[in-house]
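A.B. asks: only the shape, not the letters, is given here:
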């Protein structure tokens, strides 16, 4: 095999050419190498060696030719690369630097149609850029976290004055004009507007809306503190509701947040009530009283289901499972058949914070307490977050786990380690988990944990029992990882995949109720 | 006279004027025909490629800022110009071949005279030289690598050998066979000098030294393989005519 | 609650600027959405203290943008005109009989760089206050001569920038605002006072300049009438000069403009007039001492505007680099002057170089010189780069300037105005420092020029200024 390269009009010091010749010939597996100028005699020589191509035929004494021969393609490529690199080390013409915008102003001056500035800079540097974007009349999505509360207050005050979106800080998800931003899914356009103070909450709701046959007009993120701080007072949530109220494409407004401060909750619900459009509210773990326009949902999936029913002017019916009860019973029977008496506990290993919270709230009371990282009851806070006790649910996206590593949604390695750790525990009966796909997420989150899940299942079997694994996938068919593909992968090793995190949690509960009895 | 900077080497700046090379040098030992001695040479790491060069009275001006003073003494680069031309030369070819086998660099055309080494270039050169007819060596012009290709240095050695042996007719015959279009601009400058019987000072002084029984291995530091290739050519022509004489 | 802007967004195509994780921009592009990645770098190497200062200024009540807009407007409206040649003592405000002006921020004799000391010695001999260098040095050290920065007297001086009382000076008036700027006449290259050279050759030339060159040019200028300097700078930028390190076109224009008036002068001998022509012809840099006071006359109109962060002075004296900022008045912000990276003339190396020196950075401050490098690609090789680099230099300067000059244009950038009005805040934010191209003086007094190259001011000057600005305005 031969590789030939001709560089037009370039002269090199013969010392350089000699060095290259030597370096290349030294490589094991190189049978011949010629580095020379294209004089007729040299071309003649290359012809003798049958190292000729069209470039060589037209070479002049001012052109440099590199011709290398080897039986191994990889070695040949490597040798050529070494030769070219050596050439560039010295003497070759300098390439000038090209200009790139270094600042937001420069970008705005060049591309005046910029209407959204997505910021994921380190927290210390983000506020000044947000301010700049807002002062230039641009909407902002602030992905960065570690922004002090006072900064958030003043930035949102500025955004309010300007009437601009300031989604965040720590806002991971938004869907604007059908385009998913940061960690978000490809969801069909439709009549439901969502404002969410929780990233994975927003993802789960928007994906469920598509699952129930409807679509999303806008998905606005507010950042987790928007409703939890009296001073912020739900500024972005209120602005989002107002914008969706004015938006002709939005028929139903759905909002989601972790439990808000009471005064803020009242303001938000009032705004929703006064929007004149049907509203759905889900304050994770906090119920409320329905009013004329405002309906309270008890879980993320239900929020989506209610919104779709309202959008279609249909009556909403509360159900536990969306699959037939007989099927559920069959799954429970199958999953519990082989669980041994020494297997007693549930372990939830989550990557989505809100999804972990939802499972916690659904299971805590029925299981007689679930340990977690930030339980409201001090007795159930994990002493060592890296070690599960009895029933435990952890959000592996917490800082304590990600310290110095990427979030498990980006890099599932963190969860992999934890799965293998749990697999060693004989007392574990059931593993509950989420798989979040979409933009921002890992290319194959299901595939990445298959091996360790298999190890966990095999271990249980070796110990004379059975490990039940129940999961749900947050995502849509439109997501680049492919929903069906992810589901098939999980099912291939016997994971039960439920349509939502809520249903997965409820199935887990049904299974756990039979364990040890 | 206006030219442009073509290449910058460690110890020289090559300037192209009307398709002809001139080399700015500070080191007299590197002096060749078509090279110009300057009083100072700036840090050649600065990339001045393609910058305009203006020749004025006694200085060269490169582009916008650099002015270099030229040394104007003319140097005779012919054999006649050497200090030891009055006495006759005598060459010991066998000793010279031993010498070049020990000190020469094998990457170029050394293999033509020392058959224990070989390179793609010397293999090719042997094929071109074939029956060792003098005219055949014109076919080496442009062969090999370097600012002056190995073949050009070799031919320069042959020409200088013929000159030193006083073989005027053979010299003219070979000159008439040379095609300077077949080589690089650097090689062309070298041969253009040689066919007017002007040679790089290092080459000429080496030959004069050999004629006096002195073998100075400094010659092999000239260029990368240029010195070796030159001595190879010189050996080749000495061997050819010494053998013929013996017959 | 007004959320019209949000509803407007809902009707537009999303166009995102992305700062941070580039994959977010890639994902948007995958969905056929325009996403511009910004090559953002942490301000001043990511110093949280500076970020806090920037935030404090941004959050303060001072309207920096409006103040800067006023500064830029003044710069654009300036009309510098060459009026006359005067004498330093008589014409420069605050000049005293026993005073020398020097380049850069204030410096005392004991801290003066080699070239400045050399020029002081040469200046003393020129004034006839001493006859030998040793005597001159003694006098300089004695404190009998007051040293004052050119910039304290509306004056600018290249390299050492020494202005002595009897030197002739150009007088350039900003007709719009009435302020005036001064500079001495350029001596040429080689052994010259501004590079710290002294001795007979230097003294003879200075004397000739005072006794022949200045009177001849003054008379010719009078006959010709005032020069519109803005017009000339605009022309030279289209002729391959950037009016700092390349002044061939500028010098040629001056000769061309004055030629007729010069030959018509009757009060001078033909020999003297011819010697003036020869001097101008041999000295490519003659125009530098006109472009500098032009820049000074322009940029002084932007000085002392409350709340403005426009940089109005960048100057060095071979010891220190100093800047001034419009909204901070006459306060200097100083750090050690850097060593210039560049090309050294035959026989010299970086070891021979003095630290960065001269007021010629006034050209960059006013929006040409290094900032207009794209207009003068011929010089880039000598400051160590390619023509592409020249373009990048100029383009990058738009990131730290607030205005684009209405008159000074760069043909190769489609006649875009030169980046004008350096904004302190933008320097801190981007970490991009002003690009300056400059000559290099020998560190030993009396040797002269050893090369040319590129230099960046020390960041500390700007961070100190920012701190002072935040302190003054964010109360």
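C.D. replies: Everything's here; your move. Treat the numbers as computed from the prediction; the structure is a model and nothing was measured.
A.B. asks: leaving out sequence neighbours, find the closest residue to the residue of the stretch 351-500 of chain A found nearest chain C.
C.D. replies: Ranking the residues of the stretch 351-500 of chain A by distance to chain C (C-beta to the nearest C-beta) places residue A:439 first, at 4.4 Å. Where C-beta positions appear, they are placed from N, C-alpha and C, glycine not excepted. With C-beta to C-beta, 6 or more residues apart in numbering or on different chains as the criterion, residue A:439 has its nearest non-adjacent residue at 4.4 Å, and that residue is residue C:27.
A.B. asks: point out where the stretch 251-400 of chain A drops to low pLDDT.
C.D. replies: Within the stretch 251-400 of chain A, no stretch has pLDDT under 70.
A.B. asks: mind listing the strands the longest strand anywhere in chain C pairs with, and their directions?
C.D. replies: The residue-count maximum for a strand in chain C (DSSP state E) belongs to strand C:401-410. Its sheet considered, strand C:401-410 pairs with strand C:416-422 (antiparallel) by DSSP bridges.
A.B. asks: list the contacts of the partner strand.
C.D. replies: Outside strand C:416-422, the residues within contact range by C-beta atoms under 8 Å, 6 or more residues apart in numbering or on different chains are C:68, C:71-72, C:75-76, C:237, C:302, C:310-311, C:314, C:364-368, C:371-372, C:375, C:394, C:397-398, C:400-410, C:434.
A.B. asks: quick one: mean pLDDT over that strand.
C.D. replies: Averaging pLDDT along strand C:416-422 yields 94.
A.B. asks: what's next to the following helix or strand past that strand, contact-wise?
C.D. replies: Of the helices and strands lying after strand C:416-422 in sequence (DSSP states H and E), the nearest is helix C:424-430. Applying C-beta under 8 Å, 6+ apart, the contact partners of helix C:424-430 are A:102-103, A:105, A:128, C:41, C:43-44, C:50, C:53-54, C:57, C:64, C:309-311, C:325, C:399-402, C:432-434, C:462-463, C:465-466, C:469.
A.B. asks: what is the burial count for residue 195?
C.D. replies: If you meant another chain, say so; for now it's chain A. Counted with other C-beta atoms under 10 Å in any protein chain shown, the neighbours of residue A:195 add up to 29.
A.B. asks: hm, I was asking about chain B
C.D. replies: As a burial measure, residue B:195 scores 18 neighbours (other C-beta under 10 Å).
A.B. asks: so for stretch A:112-123, what gets flagged as buried?
C.D. replies: A:114, A:115, A:116, A:117, A:118, A:119, A:120, A:121 (16 or more other C-beta atoms under 10 Å in any protein chain shown).
A.B. asks: which ones among the contacts of helix C:424-430 are found in strands?
C.D. replies: Going by DSSP E, the strands hold C:311, C:325, C:401, C:402 from the contacts of helix C:424-430.
A.B. asks: quick check, pLDDT for the last one.
C.D. replies: In this model, residue C:402 is scored at 93, pLDDT.
A.B. asks: about what we covered before: mind listing which of the buried residues of stretch A:112-123 are in strands?
C.D. replies: With DSSP E as the criterion, strands contain A:116, A:117, A:118, A:119 from among these.
A.B. asks: which of those are close to chain C?
C.D. replies: Taking C-beta under 8 Å from any C-beta of the partner chain as the test, chain C is in contact with A:116, A:117, A:118, A:119 out of these.
A.B. asks: wait, the residue nearest to residue A:439 touches residue A:441, no?
C.D. replies: No - taking contacts as C-beta atoms under 8 Å, residue C:27 lies outside contact range of residue A:441: 10.5 Å.
A.B. asks: can you find the helix or strand of chain B with the lowest average pLDDT?
C.D. replies: Using mean pLDDT, DSSP states H and E, strand B:66-69 stands out as the lowest-scoring helix or strand of chain B, at a mean of 74.
A.B. asks: shaky segments in the chain?
C.D. replies: No chain in the question, so chain A it is. A:10-15, A:88-100, A:403-404, A:516-517.
A.B. asks: not quite, I wanted chain B
C.D. replies: Ranges of chain B meeting pLDDT under 70: B:10, B:40-49, B:57, B:64-65, B:72, B:84-87, B:243-247.
A.B. asks: list the buried ones in the biggest strand by length in it?
C.D. replies: Assignment by DSSP E gives strand B:2-9 as the longest strand of chain B. Going by neighbour count (16+ other C-beta under 10 Å), the buried part of strand B:2-9 is B:3, B:5, B:6, B:7, B:8, B:9.
A.B. asks: of the residues you listed, which ones also sit close to chain C?
C.D. replies: Among these, no residue sits close to chain C (C-beta under 8 Å from any C-beta).
A.B. asks: so for stretch C:233-243, mean pLDDT?
C.D. replies: Rounded mean pLDDT across stretch C:233-243 is 94.
A.B. asks: can you point out the buried residues in it?
C.D. replies: For stretch C:233-243, using 16+ other C-beta under 10 Å, the buried residues are C:233, C:234, C:236, C:237, C:240, C:241, C:242, C:243.
A.B. asks: which stretches of the stretch 151-300 of chain A form strands?
C.D. replies: Taking DSSP state E, counting those that start in this stretch, the strands of the stretch 151-300 of chain A run over residues A:166-167, A:173-176, A:179-182, A:189-196, A:216-221, A:252-257, A:279-283, A:294-296.
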